[in-house]
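Colleague: give me a 3D structure for the following:
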Amino acid sequence: MIGIVDYNAGNITSVERALQSLNIKYIRSKNPEDLKECSKLIFPGVGDAAYAMEQLKITGFDNFLKNWANSGKEILGICLGSQIIFDFSEEGNTNCLGLIKGKIRHFSNIDSSLQEKGFKIPHMGWNNLNYENGNCPILKDVPVTADFYFVHSYVICPEENSVIKAAADYGIKVPAVIQSGSVFACQFHPEKSGEAGLKILKNFCEN
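Modeller: This next block holds a predicted model:
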């Protein structure tokens, strides 16, 4: 059974629909106790990092997710969920979960000339990926020519480059798939990325 973490951060219904289309059994809950017997967790989200962390603390999901990751159980962060698994986000100067070492930085703080070069912020639309740093289970049999749907203004900046398994090019390198042990993350929305995105979800859930 797959658990979906519901912490009032949006975009959860589209993840549910994707799992339904794949005939994958899941439970969605705002209560960590309901998810403790699940085999894996999906941690989606759209919105503001500071608000999300506040909600995680209110619900008790902050410690639940830390304990889950520390126990070696698999978790997949999506979009906002892919960011607040790191230590710190410049969005609201927010201390995050710290499941993986690194910071989340605004595009303009990485390269202030991006918009002058014609790159709009937020980064919104379809991009393909460049695979790197060895194989990643959730990318198995996903074509390198596939495009994925991105919507974000902040960029994952891990301390260790080796956790980056795929990246997009948007004027700068944009880490897009992360793996550190049992913790996985997609900056893009696999649930909104057609067959290739569904394949990533299927790989995660059934691996």
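Colleague: now stretch 165-180: buried residues?
Modeller: Residues of stretch 165-180 classed as buried under the neighbour-count rule (16 or more other C-beta atoms under 10 Å) are 165-168, 170-171, 173-180. Using the backbone N, CA and C atoms, a C-beta is placed for each residue, glycine as well.
Colleague: nearest to residue 117, of the residues you listed?
Modeller: Using C-beta to C-beta, residue 171 comes nearest to residue 117 of the buried residues of stretch 165-180, at 5.8 Å.
Colleague: which residue comes closest to that closest one once chain neighbours are left out?
Modeller: If the residues on either side of it in the chain are set aside, residue 171 comes closest to residue 119, at 4.2 Å by C-beta to C-beta, 6 or more residues apart in numbering.
Colleague: and the pLDDT for that neighbour?
Modeller: For residue 119, the model assigns a pLDDT of 96.
Colleague: same question for the one 5 residues further on.
Modeller: The per-residue pLDDT reported for residue 124 equals 97.
Colleague: count of neighbours near residue 66?
Modeller: Here the number of neighbours of residue 66 (other C-beta atoms under 10 Å) works out to 15.
Colleague: do the one 5 residues further on as well
Modeller: With neighbours defined by other C-beta under 10 Å, the count for residue 71 comes to 8.
Colleague: mind checking the SS state of the residue of the chain positioned farthest from its centre?
Modeller: Relative to the average C-alpha location in the chain, and by C-alpha atoms, centre = their mean, no residue lies farther out than residue 116, which sits at 28.1 Å. On the three-state scheme (DSSP: H, G, I helix; E, B strand; the rest coil), residue 116 is labelled coil.
Colleague: how close does it sit to residue 122?
Modeller: Computed with C-beta to C-beta, to the nearest Å, the distance linking residue 116 and residue 122 is 16 Å.
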